[in-house]
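A.B. asks: curious how this folds, go ahead:
(2 chains)
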Amino acid sequence: MLEDHAIIAALIQQSGRNSGRKKLQKSIYIFQRLGFPFHQIFHFHFNGPYSEELSVQLEELCDFGFLIEDREETQNKDETCSYRISEAGLDFLSHYKNVLPNMHGLTQHVVAQETWFLECVATLLYFDYLPRVEAVEKVRALEKRTMNEDFDHALAFIDELRSLQSAECPALR
Amino acid sequence: MTRSYQKLNEEKVFKDPVHRYIHVRDRLIWDLIGTPEFQRLRRIRQLGTTFLTFHGAEHSRFGHSLGVYEIARRVIDIFKYRNHWDDSETMIALCAALLHDVGHGPFSHSFEKVFGTNHEEYTQKIILGNTEIHRLLEQQGQGFAEKVADVIGKTYPNRLVVSLISSQIDADRMDYLLRDAYFTGVSYGHFDMERIWRVMRTQDDQIVFKLSGMHAVEDYIMSRYQMYWQVYFHPVTRSAEVILTQILHRAKVLYQEGFHFKYAPHPLIKIFEGKMTLQDYLKLDESVILYFFQAWQEEEDAILSDLCFRFMNRRLFKYVEFTPSLIGSKDRLVEAFRDAGIDPDYYLEVDSSSNSPYDLYRPGEEGERQPIQLLMPDGTLHELSQESDVVGSITGMRRTDCKLYYPKDRILDLPEHSPYRKTIQDILGI
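C.D. replies: The predicted structure follows:
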């Protein structure tokens, strides 16, 4: 009963304040690919993997009063949303023990990144069934603004996340 | 360079209730329709369990797929006439339109939830794997099948081709809204599709709409809104979906526990074991699944036979609105169900909007969803809800709905003065 909602709420609790829907989408996709129990279906959209299911679940968590959505203006004058857990959300989570392993270090490392970078990482992971060179070519064709050094950083970041995950949550390997 | 594709000696047509006629002039399209993988779509309903709510909704994914192809064909003709289209993409786009749903399985949505399958992945596998469809596509040139798969997967570099099949107003949505309205018999869901085609323009590899056509686009958005709440997200259909999901769950658990079925589910065994091949998947359709539901009413397992009886005879679960306060009572409710001998794992289920494969129009989400853009007379683009009061008024509205499903008949059959019956009735407010 609402386990998938509880997992999202638990992630937001662990990560503290989570800025930006897009960042949350990409972070959860990355965690899913690392083996964490996020069950949403992602499809490829204009900016990489995106889950409509996750987007509605976030809205439902806000409607229930378990998450608080704050709207902020970015430096470019665009509006962005951030999420934090409410008192009611903490009470909700008290009914769901251990839905998400402790991944505090990993979470902090991911949310500290820029959104565009997570977009690149998530997109590379989306094509990780291809050899790395082909995956990079594929992303390059779709994300024309991504530079060579961005790919190098993103690929190194994926390796780093896998090492962190092995250290923090070895059971998922 | 634009290559030429073989034409049929004479045009073939399919009579269709939505488009009147569906025209096929290309040999490849005709041959694709004839493949066993595509013919299988005749045995998969477009709207899953909706036929239990709207009895006319027996139409198949076969008809819808032909409809999407026909819309794509007509829109491409308009774009070609306006010199807005690269003709070398035509056959790729038509094949993608025709095949976009070819990976759907029986009662896809429930099936995917229980078995973790994904119809979009199966679409890719059918196009790229060892199938008749793949052989036909590759006869057009090496890599042709991969291009078609990329368009459907939205990973094709030409975004205009992708937008035709998959965007906020695309051939897929236009066909299913009109087709589903026709077959369910509802009076909403209609809009002037030809008018929308006429005001479509292309700009920077996206499809935009002339301001003068805004009212036709508004009608489309309102249709989508009405169909979402009145048909796609109907609470009775969702009840049938919940029961269907629980049947599949139960059958899988029983198989894994070594239960001796009177009617062994041979076509499902590979999926229960997590070893399903593409060929196994292609053997499944709704006729197969419904055969087992009918037969399993005679199984010794009380849960499986009861759930199958409910599905086949439309004895569906009732529902209450699921509110945050119910969360606080969740553990007590589950306990009372257990005390009453009603297994909450199969007879108590929350269903929410995030479970729906359909969505409502929203202006965008931090660049994740391309909004509908209106082309203004000065050449600038304005997002639809900024210009349209009608669309503006519904885009900010609630799109979530959560219900708790339970078997009311079983609750009312419990001993009248039993404490667990009282607990259940108090919590559910029945």
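
A.B. asks: where do the strands sit along chain A?
C.D. replies: A:18-19, A:43-45, A:48-50, A:67-73, A:79-85 (DSSP state E).

A.B. asks: count the residues that sit near B:Met376.
C.D. replies: Using other Cβ atoms under 10 Å in any protein chain shown, B:Met376 has 13 other residues around it. For every residue, glycine as well, the C-beta is placed using N, CA and C.

A.B. asks: B:Leu211 is in contact with that one, correct?
C.D. replies: Yes. Using Cβ atoms under 8 Å, B:Met376 is in contact with B:Leu211, at 5.5 Å.

A.B. asks: just the pLDDT for A:Ser19.
C.D. replies: Note on A:Ser19: pLDDT of 74.

A.B. asks: from B:Met376, how far out is it?
C.D. replies: Using Cβ to Cβ, to the nearest Å, A:Ser19 is found at 33 Å from B:Met376.

A.B. asks: next one: the residue nearest the centre of chain A from A:Glu60, what distance?
C.D. replies: Centroid-nearest residue in chain A, with Cα atoms, centre = their mean: A:Ser27, separated by 1.4 Å. Going from A:Ser27 to A:Glu60 by Cβ to Cβ gives 19 Å.

A.B. asks: that older thread, okay, and the common contacts of B:Met376 and B:Leu211?
C.D. replies: B:His382 (Cβ atoms under 8 Å, 6 or more residues apart in numbering or on different chains).

A.B. asks: near chain B, which residues of chain A are found?
C.D. replies: Within chain A, the positions lying close to chain B (Cβ under 8 Å from any Cβ of the partner chain) are A:1-2, A:4-5, A:20-22, A:25, A:41, A:43-47, A:50, A:52-57, A:59-60, A:63-66, A:78, A:80-81, A:88, A:91-92, A:95, A:127, A:138, A:141-142.

A.B. asks: buried only: go through the residues you listed for me.
C.D. replies: A:1-2, A:4-5, A:20-22, A:25, A:41, A:44-47, A:50, A:52-57, A:59-60, A:63-64, A:66, A:80-81, A:88, A:92, A:127, A:138, A:142 (16 or more other Cβ atoms under 10 Å in any protein chain shown).

A.B. asks: take these and keep only those in helices.
C.D. replies: In this view, those that belong to helices under DSSP state H are A:4-5, A:21-22, A:25, A:52-57, A:59-60, A:63, A:88, A:92, A:138, A:142.

A.B. asks: for chain A, what are the nearby residues on the stretch 201-350 of chain B?
C.D. replies: Going by Cβ under 8 Å from any Cβ, the residues of the stretch 201-350 of chain B near chain A are B:324, B:327-328, B:330-331, B:348-350.

A.B. asks: helices of the stretch 101-250 of chain B, start to end?
C.D. replies: For the stretch 101-250 of chain B, applying DSSP state H, counting those that start in this stretch gives helices covering B:108-115, B:119-128, B:132-138, B:144-152, B:159-165, B:171-184, B:193-199, B:214-227, B:235-256.

A.B. asks: with mean pLDDT and mean neighbour count as extra columns, can I get those in JSON lines?
C.D. replies: Converted to JSON lines, those look like this (pLDDT from 0 to 100; neighbours: other Cβ atoms under 10 Å in any protein chain shown):
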{"stretch": "helix B:108-115", "mean pLDDT": "88", "mean neighbour count": "20"}
{"stretch": "helix B:119-128", "mean pLDDT": "95", "mean neighbour count": "20"}
{"stretch": "helix B:132-138", "mean pLDDT": "97", "mean neighbour count": "19"}
{"stretch": "helix B:144-152", "mean pLDDT": "97", "mean neighbour count": "23"}
{"stretch": "helix B:159-165", "mean pLDDT": "93", "mean neighbour count": "22"}
{"stretch": "helix B:171-184", "mean pLDDT": "97", "mean neighbour count": "23"}
{"stretch": "helix B:193-199", "mean pLDDT": "95", "mean neighbour count": "16"}
{"stretch": "helix B:214-227", "mean pLDDT": "94", "mean neighbour count": "20"}
{"stretch": "helix B:235-256", "mean pLDDT": "96", "mean neighbour count": "22"}
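
A.B. asks: and the longest helix for chain A?
C.D. replies: Scanning chain A for the helix with the most residues, using DSSP H, yields helix A:148-168.

A.B. asks: what's the burial count for the residue nearest to B:Leu47 when sequence neighbours are not counted?
C.D. replies: Using Cβ to Cβ, 6 or more residues apart in numbering or on different chains and skipping residues adjacent in sequence, the residue nearest B:Leu47 is B:Ala57, 4.6 Å away. For B:Ala57, the neighbour count with other Cβ under 10 Å is 23.

A.B. asks: let me see the contact set for B:Ala57.
C.D. replies: Taking Cβ under 8 Å, 6+ apart, we find B:Ala57 in contact with B:45-47, B:50-51, B:180, B:183-184.

A.B. asks: how about the residues of the stretch 51-200 of chain B by chain A?
C.D. replies: Residues of the stretch 51-200 of chain B lying near chain A (Cβ under 8 Å from any Cβ): B:112, B:118, B:120, B:153-155, B:157, B:159.
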